[in-house]
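J.: Sequence and computational prediction follow.
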Amino acid sequence: MVQNYKDTIQVRKGEELSKEKLKHFLQKTLLETANHELEIEQFGAGHSNLTYLLKMGDWEAVLRRPPHGPVAAKAHDMKREYTFLKYIHSVYNTAPKPLIYSDDESVVGSPFFIMERRKGIILDTQFPDHLSYRPELGKQISKLMVNKLVELHQIDYKQTGLIQLAKPEGFMERQVNGWIKRYERAKTDEIKEVEKLIHYLLKHIPNSTEATVIHYDYKLNNAMFTEDFTQMTGLFDWEMSTIGDPLADVAVAMSYWIQENDNDLLKFGLGKPPVTIMDGFFTRNKFIEEYASNSGRDVSTIDYYITFAYFKLAVIGQQIYYRYKNGQTNDPRFAKLNILVKNMMRQALQSANQYN
């Protein structure tokens, strides 16, 4: 049984929802007889979509909507994320069940969807105070992260509705060219490493030989665990999920997976490092080896994918910083994201130089 601890914050200023409009919507669609007061809190983590906890009496659910202001083309597509969850939940129940999608912007100011509320432990930069850490726990969590990724990649998407969203041919070529264009559209500062990095990425695109379901934002703080860390009770943020190269998914996971002996550029590039730096957690190499062993996949080209993953992470930061610099959001957390972008571009280039 998971001990109850606070995983939400008061709704940030400027990101409030109308209780009256939302309660009316809920009574019309999901909770016809609900007479309790609607309570709204916000999940404070994350820099992309806005995520809220809704409570009416004993009923709880989670609402997802895009960030305020103009957003990058094809980003923050609520209908697509809802649809992906609808199909993936039926074959991978670690994904939360989506309840309803709405494109009625009069309710919360944008399209949105509501999904079930999952409960458990989410790990980020530290363990909850009521838990004591031991190295065996780090190994156990690492193994579980590998196994749940392998399980996801084993799903036969062709037997699900996900086949409607699949365009597996030429996946990496589209990804590399697409993310380069995203960077160019959101560019603000001159970063000298970028030109050389882009040249490397375009020149060495691997031929994807397999397509699977990929989460594409698979990281520790998107996962939820039982208190004894024997099970993953939830996996969230399916915004980028698609059908594509499984090694691209592994690489994205590794771009977030920091280890104790990393250089400061990588270790503190996203702020305080995650708990994966603690004794007992897998190194990236150990994670990749375990994935290869459990999945039977050839990971000999993983280095390119990791370089691209760092670049992709930098571009995501750049898109958010572009919105901040252009006054489309005033969230103070975004004020120094340009430093993150430079750090991740340098890390990507270091990765490319290391293996080139």
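T.: Sure, I can see it.

J.: Show me where the stretch 151-300 of the chain has its strands.
T.: 212-214, 223-225, 232-235, 242-244 (DSSP state E, counting those that start in this stretch).

J.: Of all those, which one is nearest residue 20?
T.: Smallest distance to residue 20 across these (C-beta to C-beta): 29.8 Å, for strand 232-235. For glycine as for every other residue, the C-beta is placed from the backbone atoms N, C-alpha and C.

J.: tell me the domain boundaries of the chain?
T.: 19-116, 135-355 (automatic domain parsing).

J.: and these, which is most packed in?
T.: With neighbours defined as mean count of other C-beta atoms under 10 Å, the domains of the chain peak in mean count at domain 135-355, which reaches a mean of 18.

J.: coming back round to it: can you list the strands of the stretch 151-300 of the chain in CSV and add mean pLDDT?
T.: Below are the strands of the stretch 151-300 of the chain laid out as CSV (pLDDT from 0 to 100):
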stretch, mean pLDDT
strand 212-214, 97
strand 223-225, 97
strand 232-235, 97
strand 242-244, 95
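
J.: Nearest approach to residue 35 belongs to which of those strands?
T.: From the strands of the stretch 151-300 of the chain, taking C-beta to C-beta, the stretch that ends up closest is strand 232-235, at 29.1 Å.

J.: From the contact counts, what lies against that closest one?
T.: On a contact count with 3 or more C-beta pairs under 8 Å, 6 or more residues apart in numbering; DSSP states H and E, strand 232-235 meets helix 135-153, strand 223-225.

J.: can you redo the ones you listed as CSV with distance to residue 37?
T.: Conversion of the helices and strands packed on strand 232-235 to CSV gives the following (distance: least, C-beta to C-beta, whole Å):
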stretch, distance to residue 37
helix 135-153, 37
strand 223-225, 27
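
J.: Relative to residue 35, which of these is closest?
T.: It's strand 223-225; of those, that one is closest to residue 35 (C-beta to C-beta) at 30.4 Å.

J.: thinking again about what came up before, so which of the helices and strands packed on strand 232-235 gets nearest residue 112?
T.: strand 223-225 (21.2 Å).

J.: Could you confirm residue 51 falls within a strand?
T.: Yes - assessed by DSSP: H, G, I helix; E, B strand; the rest coil, residue 51 belongs to a strand.

J.: you'd agree it is up against residue 41?
T.: No - taking contacts as C-beta atoms under 8 Å, residue 51 lies outside contact range of residue 41: 10.1 Å.

J.: Of the strands of the stretch 151-300 of the chain, which is nearest residue 124?
T.: With C-beta to C-beta as the yardstick, what comes closest out of these is strand 223-225 (10.6 Å).

J.: Which residues outside that closest one are in contact with it?
T.: Under the contact criterion C-beta atoms under 8 Å, 6 or more residues apart in numbering, strand 223-225 has outside partners 118-123, 141, 144-145, 148, 231-236.

J.: returning to what we had before: nearest to residue 258, out of the strands of the stretch 151-300 of the chain?
T.: Of the strands of the stretch 151-300 of the chain, nearest to residue 258 by C-beta to C-beta is strand 223-225, at 15.6 Å.

J.: tell me how far that closest one is from the chain's mean position?
T.: Taking C-alpha atoms, centre = their mean, to the nearest Å, one finds the center of strand 223-225 at 13 Å from the center of the full chain.

J.: ditto for stretch 23-33
T.: The answer for stretch 23-33 is 30 Å, by C-alpha atoms, centre = their mean.

J.: got a list of contacts for that stretch?
T.: Against stretch 23-33 from outside (C-beta under 8 Å, 6+ apart): 34, 38, 54, 56, 59, 61, 99-100, 102, 104, 107, 114.

J.: And those, which is closest to residue 282?
T.: residue 61 (34.1 Å).

J.: Check the gap between the closest one and residue 8 for me.
T.: According to C-beta to C-beta, to the nearest Å, residue 61 and residue 8 sit 13 Å apart.

J.: Show me whatever sits in contact with both of those two.
T.: By C-beta under 8 Å, 6+ apart, the residues touching both residue 61 and residue 8 are residue 53.

J.: Report the two of the contacts of strand 223-225 separated the most.
T.: Top of the distance list for the contacts of strand 223-225 (C-beta to C-beta): 119 and 145, 19.2 Å.

J.: Nearest the middle, which residue of the chain would you pick?
T.: The centroid of the chain falls nearest to residue 217 when counting by C-alpha atoms, centre = their mean (3.4 Å).

J.: Identify the residues contacting it.
T.: Counted by C-beta under 8 Å, 6+ apart, residue 217 has contacts 237-241, 252.

J.: For residue 312, state which of the residues you listed is nearest.
T.: Distances from residue 312 to the contacts of residue 217, taken by C-beta to C-beta, are shortest for residue 252, at 7.0 Å.

J.: Show the contacting residues for that closest one.
T.: Contacts of residue 252 (C-beta under 8 Å, 6+ apart): 216-219, 309, 312-313.

J.: hang on, the earlier thing: and which of the contacts of strand 223-225 is nearest to residue 184?
T.: Of the contacts of strand 223-225, the one sitting nearest to residue 184 (C-beta to C-beta) turns out to be residue 236, at 29.9 Å.

J.: Hmm, residue 219 and that closest one touching each other?
T.: No - assessed by C-beta under 8 Å, residue 236 is found out of contact with residue 219, at 10.2 Å.

J.: separation between the residue nearest to the centre of the chain and residue 275?
T.: Distance from residue 217 to residue 275, by C-beta to C-beta: 18 Å.

J.: longest helix anywhere in the chain?
T.: The residue-count maximum for a helix in the chain (DSSP state H) belongs to helix 302-325.
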